[in-house]
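Peer 1: the following comprises the amino acid sequence and a computationally predicted model.
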2 protein chains.
Amino acid sequence: MSEVGRDALTVPLVAQHAGVTPSTIYRRWGNLQELLSDVAVERLRPDTAPEAHGTLASDLTAWAEQFLDEMASPAGRAYTRDALLGDPDGSNAGQCSAYAADQINLILSRAAERGEKTPGIETVIDRVVAPLMYRILFRPDRLDAAYARRLVAEVLRPAQPVTS
Amino acid sequence: MSEVGRDALTVPLVAQHAGVTPSTIYRRWGNLQELLSDVAVERLRPDTAPEAHGTLASDLTAWAEQFLDEMASPAGRAYTRDALLGDPDGSNAGQCSAYAADQINLILSRAAERGEKTPGIETVIDRVVAPLMYRILFRPDRLDAAYARRLVAEVLRPAQPVTS
DNA sequence: CGATAGACGCAATGATTTTGCTTTAAAGTG
DNA sequence: CACTTTAAAGCAAAATCATTGCGTCTATCG
């Protein structure tokens, strides 16, 4: 990919670099999309535990900001699309979601150990992860760290009544 | 697509059915993915205005249930993925989001005309559409109408404080 | 009316995808 | 340890697909 670019990548090229016949790759993955889907999941796996800042609010905010940063980048968006793409049974997409859930679970249980009240993991996914991912995929405009911070603040705070 | 199936569809096949040369299609769309992306956006366009039931809660609930139903179906999921796929500049994905936003806007302005208090469109997207789409794409399990109803109920109600 | 730009068909070219057959390597079995 | 079984890979041919240059047609504009 670093040589010919993401778009010009073909199965024969990958095979050549792997010192392998194209048919080997076709038999194992079926097509380039499924191969790239597996690669994408690998690249999207977090390589470090979420930073610990001492409070649930700061931990979750820092995580959300970094998550948005990585996923909204051109590389992150490309990996996410690749992961969704060649994924007939949805297992790769599920894995991506599990990565985020694991990180959040860790943050939540740290907070629980300190005695802080925490929302449920599903709530954090619905209120923080889902809006971030939805906007990254469908509305790439006007996404910034402030938005991530606001989502976290709102999930941790009793929300205000419906307005206007 | 109805003859050979979604996966076996190729540009030459489409060209043959269109009574056209493959090169015509390649020139206009570049590849099959971009063609399917345009088809998907077309299929995802709502063909009717959201039903009116008399209250914001019932309108939004009915809309969310139908939205989930359509988007979570195998066909809906396939179209959504296709729309995201062959979409270099994100305009097709943006269009899909705009469809939902338009429908919701209509529901909200109907409610506003009746004097009901309504949340903002962005809030509804964050709290209803985004969770639904996130789970459809990344976690296809345990999705049902009750979940959609709950999301709508929560966005319309002052939420309870963080628990546990 | 004539000119120009855009789009398509045709056909050739090159690349990719797919498949049958064979070989190799590894794992299990008596 | 020898033998069978299974899975995976190489090889090579065939089929299919993607890409491009060139000529033709149509419509739009001056």
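Peer 2: Nice, thanks for sending it over. Since the structure is predicted, the reported quantities are computational estimates derived from the model, not experimental observations. Numbering: from 1, shown residues only, chains lettered A, B, ... in the order given.

Peer 1: any idea how chain A splits into domains?
Peer 2: A:1-30, A:37-156 (automatic domain parsing).

Peer 1: chain B: which of these is closest?
Peer 2: The minimum distance between chain B and the domains of chain A falls on domain A:37-156, with 3.5 Å, by Cβ to the nearest Cβ. (C-beta placed from N, C-alpha, C; glycine too.)

Peer 1: and that closest one, how far from the chain's centre?
Peer 2: 6 Å (Cα atoms, centre = their mean, to the nearest Å).

Peer 1: residues near the closest residue to residue A:81 other than its chain neighbours, how many?
Peer 2: Residue nearest to residue A:81 in three dimensions, not counting chain neighbours: residue B:84, with 6.1 Å by Cβ to Cβ, 6 or more residues apart in numbering or on different chains. When neighbours are counted by other Cβ atoms under 10 Å in any protein chain shown, residue B:84 registers 21.

Peer 1: do the one 5 residues further on as well
Peer 2: With neighbours defined by other Cβ under 10 Å, the count for residue B:89 comes to 8.

Peer 1: what is the three-state secondary structure of it?
Peer 2: Three-state assignment for residue B:89 (DSSP: H, G, I helix; E, B strand; the rest coil): coil.

Peer 1: quick check, pLDDT for it.
Peer 2: pLDDT recorded at residue B:89 is 82.

Peer 1: and it, backbone torsions?
Peer 2: phi -100, psi 0 (degrees, to the nearest 10).

Peer 1: measure it to residue B:110 for me?
Peer 2: Distance, residue B:89 to residue B:110, by Cβ to Cβ, to the nearest Å: 33 Å.

Peer 1: with residue A:141 instead?
Peer 2: Counting by Cβ to Cβ - residue A:141 and residue B:110 are separated by 27 Å.

Peer 1: so which bits of chain A are right by chain B?
Peer 2: Residues of chain A lying near chain B by Cβ under 8 Å from any Cβ of the partner chain: A:81, A:84-85, A:90, A:93-94, A:96-97, A:112, A:117-120, A:125-127, A:129-131, A:133-135, A:137-140, A:151, A:155-164.

Peer 1: which residues does residue A:80 contact?
Peer 2: Contacts for residue A:80 (Cβ atoms under 8 Å, 6 or more residues apart in numbering or on different chains) come out as A:40, A:44, A:71, A:96, A:133, A:136-137.

Peer 1: okay, and residue A:68 sits in which element?
Peer 2: helix A:56-72 (DSSP states H and E).

Peer 1: with only the CA atoms kept, save the next helix or strand along the chain from that helix in PDB.
Peer 2: Sequence-wise, the next helix or strand downstream of helix A:56-72 (DSSP H and E) is helix A:74-85. The C-alpha trace of helix A:74-85 is given here as PDB (Å, rounded to 0.1, in the frame of the first residue of the first chain):
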ATOM      1  CA  PRO A  74      -8.300   9.900   6.500                       C
ATOM      2  CA  ALA A  75      -6.500   6.700   7.500                       C
ATOM      3  CA  GLY A  76      -9.100   5.900  10.200                       C
ATOM      4  CA  ARG A  77     -12.000   6.600   7.900                       C
ATOM      5  CA  ALA A  78     -10.400   4.400   5.200                       C
ATOM      6  CA  TYR A  79      -9.800   1.600   7.600                       C
ATOM      7  CA  THR A  80     -13.300   1.800   9.000                       C
ATOM      8  CA  ARG A  81     -14.800   1.600   5.500                       C
ATOM      9  CA  ASP A  82     -12.500  -1.300   4.600                       C
ATOM     10  CA  ALA A  83     -13.500  -3.100   7.800                       C
ATOM     11  CA  LEU A  84     -17.200  -2.700   7.000                       C
ATOM     12  CA  LEU A  85     -16.800  -3.500   3.400                       C
END
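
Peer 1: got the angle between the helix or strand following helix A:74-85 and helix B:74-85?
Peer 2: Using DSSP H and E, the helix or strand that follows helix A:74-85 in sequence is helix A:91-113. Computed by axes from the mean of the first three to the mean of the last three Cα atoms, to 10 degrees, the angle separating helix A:91-113 from helix B:74-85 equals 90 degrees.

Peer 1: up against DNA strand C, what does chain A have?
Peer 2: Chain A comes close to DNA strand C at residues A:10-13, A:22-23, A:26-27, A:30-32, as judged by Cβ under 7 Å from any atom of the strand.
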